[in-house]
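*Asks:* structural data only, the sequence is not supplied:
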């Protein structure tokens, strides 16, 4: 009896533990509310529900964001205009931001960025009573008296007592599908939910061809999520033309061995062709599902599939990729075209010029999702 990939995915998701609020950026899927406002490529959303600093940060992380970081006068001015209680009295109040005396310190934002801009009120931060760890953005009238005492005007920051306040979430990236074809949105949403989109593809045009370095990062994501194991980069870099950590992880796991190992070439910026995509993704499948598999012992391991009808351009499929191409086709992961061709690689200069056999970034993410849902684990 066979188990579906989806069952493994569910088990892995159930095993994921919560990351402390003070940890690095969240790995949760990015879920930016429709009501969020964009400024300089970042998105912002205020919340009027009062939470502790830790719970507010956790709430932002659950949506793939973090408590707001204010790193310039321009961003400060934007937030003052966005929140201004003078335009909407319901917004009046104190809002938590991404600084906490005990968790991040006042010299480091929750994202790990150094604090290079501040907008403290007069005599702030003062840690009054030795119990003021959280930092708030004052979206109300003047707090305090001045004249040598504390005074926090509208928009200024104040360290405040540990209590519950409103908060502001910020997202540093657009949803992956912001720069993609409409048809790909459902699959890209699923890819994001499954944490299959590597950082290198965020804020890129997903309709463009994917290169070998980018697809190596996609395969590493697939491997890590299916195996529940973090890939480690090779200690010794075998390539002279690439130092990318995700490529070194892919090499160490056995997903790729470059295009010319004799000369140490990986060709990171060369566009990925369809037979390369099939091969690298199939190796990822083998690495996860076949104990003892390595790239060196690959010929000893047989893939479980029924051979489909050969493609019309079968003779142009490279020998190293043939089994992988038909495994992908048999499982409806990488499909052929209406003319019954697979278009495995660019044969002529004309092919290369029009991207005849190239895969796009959104197509690469689509097939990574299909691997979860279509391929089957051996009993």
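*Replies:* Looks like it arrived, so ask away. As the structure is a prediction and not an experimental result, all values here were calculated from the model.
*Asks:* most remote residue from the protein's center?
*Replies:* Here the centre of the chain is the reference, and by CA atoms, centre = their mean the most remote residue is residue 147, at 48.8 Å.
*Asks:* state the pLDDT value of that residue.
*Replies:* For residue 147, the pLDDT comes out at 75.
*Asks:* do the same with residue 178
*Replies:* If you check residue 178, the pLDDT there is 74.
*Asks:* the one 5 residues further on too?
*Replies:* Per-residue confidence at residue 183 stands at 89 (pLDDT).
*Asks:* and if you look at residue 33?
*Replies:* Taking residue 33 on its own, its pLDDT is 87.
*Asks:* if I pick the nearest residue to it once chain neighbours are set aside, what's in contact with it?
*Replies:* Of all residues not flanking residue 33 in the chain, residue 45 sits nearest, at 5.2 Å (CB to CB, 6 or more residues apart in numbering). Heads up, the C-betas are built off the backbone N, CA and C, glycines and all. For residue 45, the contact set (CB atoms under 8 Å, 6 or more residues apart in numbering) comprises 32-33, 35-37, 168-169.
*Asks:* out of those, which comes closest to residue 85?
*Replies:* Closest approach to residue 85 among the contacts of residue 45 (CB to CB): residue 168, at 13.6 Å.
*Asks:* I figured that closest one hits residue 91, correct?
*Replies:* No: taking CB atoms under 8 Å as the definition, residue 168 is not a contact partner of residue 91, at 10.8 Å.
*Asks:* identify the contacts common to these two.
*Replies:* 46, 83.
*Asks:* quick one, which of the two is more surrounded?
*Replies:* residue 168 (24 against 17; other CB atoms under 10 Å).
*Asks:* distance check, the residue nearest to that one when sequence neighbours are not counted against residue 61.
*Replies:* Closest residue in space to residue 168, ignoring its immediate chain neighbours: residue 68 at 4.1 Å, by CB to CB, 6+ apart. Going from residue 68 to residue 61 by CB to CB, to the nearest Å gives 13 Å.
*Asks:* and for residue 163?
*Replies:* Distance of residue 163 to residue 61, computed by CB to CB: 21 Å.
*Asks:* one more: residue 241?
*Replies:* Taken as CB to CB, the span from residue 241 to residue 61 is 37 Å.
*Asks:* again, but for residue 317
*Replies:* Distance, residue 317 to residue 61, by CB to CB: 45 Å.
*Asks:* could you do residue 216 as well?
*Replies:* Counting by CB to CB, the separation of residue 216 from residue 61 is 27 Å.
*Asks:* how about the helices in this structure?
*Replies:* Counting by DSSP state H, the chain has these helices, from start to end: 5-15, 53-62, 73-83, 185-193, 212-227, 245-253, 274-289, 322-330, 349-354, 361-374.
*Asks:* out of those helices, which is closest to residue 106?
*Replies:* Of all the helices of the chain, helix 53-62 comes closest under CB to CB, at 13.2 Å.
*Asks:* so for the closest one, what's the average pLDDT?
*Replies:* Mean predicted confidence for helix 53-62 is 93.
*Asks:* quick one: low-confidence ranges for the protein?
*Replies:* Residue ranges of the chain with pLDDT under 70: 1-29, 174-175, 375-379.
*Asks:* all strands of it, in order?
*Replies:* With strands called from DSSP state E, the chain shows them at 3-4, 37-39, 42-51, 66-67, 93-100, 134-139, 143-144, 151-152, 157-160, 165-171, 376-377.
*Asks:* more neighbours, residue 241 and residue 61?
*Replies:* residue 61 (22 against 15).
*Asks:* quick one: the more buried one and residue 30, what's the gap?
*Replies:* Per CB to CB, residue 61 is found 11 Å from residue 30.
*Asks:* do residue 160 as well
*Replies:* Residue 160 is 29 Å from residue 30, by CB to CB.
*Asks:* what's the closest non-adjacent residue to residue 124?
*Replies:* Distances taken as CB to CB, 6+ apart put residue 158 closest to residue 124, at 5.3 Å, once the chain neighbours are dropped.
*Asks:* stretch 225-242: end-to-end distance?
*Replies:* 24 Å (CA to CA, to the nearest Å).
*Asks:* mind starting the numbering at 10 from now?
*Replies:* OK, 10 is where the count begins now, so the last one is stretch 234-251.
*Asks:* so which bits of that stretch are buried?
*Replies:* Neighbour-count burial for stretch 234-251 flags 234-236, 240, 242, 246, 248, 251 (criterion: 16 or more other CB atoms under 10 Å).
*Asks:* same deal with stretch 123-136?
*Replies:* Neighbour count says stretch 123-136 has 124, 128-131, 133-134 buried, by 16+ other CB under 10 Å.
*Asks:* switch these over to CSV; also include distance to residue 333.
*Replies:* Below are these laid out as CSV (distance: CB to CB, whole Å):
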residue, distance to residue 333
124, 49
128, 56
129, 59
130, 62
131, 67
133, 61
134, 59
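*Asks:* name the nearest of the residues you listed relative to residue 336.
*Replies:* Out of the buried residues of stretch 123-136, the member with the shortest distance to residue 336 (by CB to CB) is residue 124, at 51.6 Å.
*Asks:* any idea how far the closest one lies from residue 111?
*Replies:* Residue 124 is 15 Å from residue 111, where distance means CB to CB.
*Asks:* then residue 247?
*Replies:* For residue 247, the distance to residue 111 - CB to CB - is 45 Å.
*Asks:* contacting residues for residue 364?
*Replies:* So residue 364 contacts 218, 280, 355 (CB under 8 Å, 6+ apart).
*Asks:* that older thread, can you redo the buried residues of stretch 234-251 as JSON lines with distance to residue 380?
*Replies:* Formatted as JSON lines, these follow (distance: CB to CB, whole Å):
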{"residue": "234", "distance to residue 380": "10"}
{"residue": "235", "distance to residue 380": "8"}
{"residue": "236", "distance to residue 380": "13"}
{"residue": "240", "distance to residue 380": "16"}
{"residue": "242", "distance to residue 380": "23"}
{"residue": "246", "distance to residue 380": "28"}
{"residue": "248", "distance to residue 380": "26"}
{"residue": "251", "distance to residue 380": "24"}
